[in-house]
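Chemist: When you get a sec, could you give me coordinates for this:
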Amino acid sequence: MFMRTNDYIALSRKFRPMTFSDVTSHTAVTTLLKNQIASKKLAHAYLFTGLHGTGKTSLARIFAKALNCDHPDNSEPCNNCRSCKEIINASSLDVLEIDGASHRGIDDIRNINETVGYATFNGKYKIYIIDEVHMLTKEAFNALLKTLEEPPSNTKFFLATTEAHKIPPTILSRCQRIDLKRISLDLIKQKLVSITKKISKKINDDALSLIARLGDGSMRDAESLLETLVAYDKETLTSDEVYALLGVCPKKYFFAFDQGFKTFDQSLPFTLGPTLFSLHTHLSSLIDELSIHFKHHAYSLLNHKTEESKLFTEEEVQGYKNTSSIYSIDQVLAILDILSNTYHYSFPPIRKQIHVEMLLQKMLSCKYATSSQEILKQLEGLKEKSSIIHTSFSENLSSNLKKTSHAIVEKIEDTKKFNDQKIQQETLLQFASVELEGKLDRNV
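Modeler: Numbers count the residues shown, from 1 in each chain. From the prediction side, this is the model:
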């Protein structure tokens, strides 16, 4: 589809990379693809997979341009020849881009299979770019399988997906897999700074840092957020305006919770809760932001810096510095455990602020929660006490047994002596009776 010159183009499209050298990050991937073009050792199918907004379809288009370019320069497309321009304008008959989400049935794949054998119009290769390929039905994958296995020599398939695990193993085994990692926050911010210079817009550096962090490894997400600030069309933005425009809760409210936790202010959930309730449309977004906040506390307590901390605003740096000593690592981990368990529940959009207030109350209760280390110490103490009691009991029992056994032995010896004396007495009486030839009364 051709664009009129006066049509507005989104920043993510306007500043999309046009050559391999324009691609932010993914140096190893671009080097691999350029080497394959130079050596002409090409696979018949490629699978580009990774987080959304990391450049999967952009790389596929650049790769397609480079393969069909009339005047490539060091395996880079020239972007000036007829083939390159047609691909850029999405009008090429040799490079067909298909949305797997809306063309996911077996009939759509059969249409592809029927055109695979046709000759190219201008380029060297007929290339099919199937985006969101994991959305294809089982029958559609089966129809695509044979073509992927033995395509014509001038046909290439470029598949793109965010969920490679949903693609059948039979398809995966016939593709060369290209994994795209998250883009570093520093590189995202550099790209944002470059864009603001090109469009002659002055955006606060703290705002760009916040956008880069919110992008969370996705360049397209960051560029979309930047577009929001550009559309606001204000030269100087306050931090509160930036937070409001980007739909993010200001950190000052989380730092307020930290101070309330320090003093164990039980009214805090009911004073801070309504504010957090008004700033979020869904409980999951609040849990995400709270989790990130306490993750930074955990890292700080462990003397470890996160990638995001390098892009903190001065206000955030000071805020974390003032609150870092409030928590113990066990308290932070207990709070994160509450947040992670809450996140797994299926919540409807927030309709009652009681959800937020009770969540804050649970987090506040971690102030006096017994840590695992303290429990272990108590168990060790009980173990030592029981050992002492057991030893004392054993010693007393042994002593009593010895005394009892001595008494029994003495009793037995006395009884034995008495019996011996009685036997001797009876023997003497019998002897006297015989001698006197009479009978004596033994009871005398």
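Chemist: Which parts of this protein are strands?
Modeler: Applying DSSP state E to the chain gives strands spanning 45-50, 95-99, 126-131, 155-161, 176-180.
Chemist: Export those as JSON lines, with columns for distance to Phe141 and mean neighbour count.
Modeler: No exception for glycine: its C-beta is placed from N, CA and C like everyone else's. Formatted as JSON lines, the strands of the chain follow (distance: least, C-beta to C-beta, whole Å; neighbours: other C-beta atoms under 10 Å):
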{"stretch": "strand 45-50", "distance to Phe141": "13", "mean neighbour count": "23"}
{"stretch": "strand 95-99", "distance to Phe141": "14", "mean neighbour count": "18"}
{"stretch": "strand 126-131", "distance to Phe141": "11", "mean neighbour count": "24"}
{"stretch": "strand 155-161", "distance to Phe141": "11", "mean neighbour count": "24"}
{"stretch": "strand 176-180", "distance to Phe141": "16", "mean neighbour count": "17"}
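Chemist: could I get those as JSON lines with distance to Lys191 and mean pLDDT?
Modeler: Shown next, in JSON lines, are the strands of the chain (distance: least, C-beta to C-beta, whole Å; pLDDT from 0 to 100):
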{"stretch": "strand 45-50", "distance to Lys191": "17", "mean pLDDT": "95"}
{"stretch": "strand 95-99", "distance to Lys191": "24", "mean pLDDT": "92"}
{"stretch": "strand 126-131", "distance to Lys191": "22", "mean pLDDT": "94"}
{"stretch": "strand 155-161", "distance to Lys191": "21", "mean pLDDT": "95"}
{"stretch": "strand 176-180", "distance to Lys191": "15", "mean pLDDT": "94"}
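Chemist: can you put the ones you listed in TSV and add distance to Arg220?
Modeler: Conversion of the strands of the chain to TSV gives the following (distance: least, C-beta to C-beta, whole Å):
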stretch	distance to Arg220
strand 45-50	12
strand 95-99	16
strand 126-131	13
strand 155-161	13
strand 176-180	12
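Chemist: Nearest to Asp107, out of the ones you listed?
Modeler: Evaluated with C-beta to C-beta, these place strand 95-99 nearest to Asp107, the distance being 12.7 Å.
Chemist: what angle sits between the closest one and strand 155-161?
Modeler: 30 degrees (axes from the mean of the first three to the mean of the last three C-alpha atoms, to 10 degrees).
Chemist: Kindly tell me how buried Ile183 is, as a neighbour count.
Modeler: Residues near Ile183, counting by other C-beta atoms under 10 Å, number 26.
Chemist: hang on, it packs against Asp221?
Modeler: No - the criterion here is C-beta atoms under 8 Å, and Ile183 misses it with Asp221 at 10.1 Å.
Chemist: which residues do those two both contact?
Modeler: Taking C-beta atoms under 8 Å, 6 or more residues apart in numbering as the contact rule, Ile183 and Asp221 both touch Gly215.
Chemist: Which segments of this structure make up each domain?
Modeler: As recorded under automatic domain parsing, the domains making up the chain are 11-180, 185-246, 251-368.
Chemist: Columns distance to Thr415 on top of these, output as a markdown table?
Modeler: Listed next are these as a markdown table, based on distance: least, C-beta to C-beta, whole Å:
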| stretch | distance to Thr415 |
| --- | --- |
| domain 11-180 | 88 |
| domain 185-246 | 93 |
| domain 251-368 | 68 |
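Chemist: wait, which of those is closest to Lys403?
Modeler: domain 251-368 (50.8 Å).
Chemist: wait, which of the strands of the chain is closest to Tyr343?
Modeler: Nearest to Tyr343, of all those, is strand 45-50, at 23.5 Å by C-beta to C-beta.
Chemist: C-alpha coordinates for that closest one, PDB please?
Modeler: Provided in PDB are the C-alpha atoms of strand 45-50 (Å, rounded to 0.1, in the frame of the first residue of the first chain):
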ATOM      1  CA  ALA A  45      13.300 -21.500   5.700                       C
ATOM      2  CA  TYR A  46      14.100 -19.200   8.600                       C
ATOM      3  CA  LEU A  47      12.300 -18.700  11.900                       C
ATOM      4  CA  PHE A  48      12.700 -15.400  13.600                       C
ATOM      5  CA  THR A  49      11.500 -15.600  17.200                       C
ATOM      6  CA  GLY A  50      11.700 -13.400  20.200                       C
END
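Chemist: and the angle from that strand to strand 176-180?
Modeler: Interaxial angle, strand 45-50 versus strand 176-180 (the same axes, to 10 degrees): 20 degrees.
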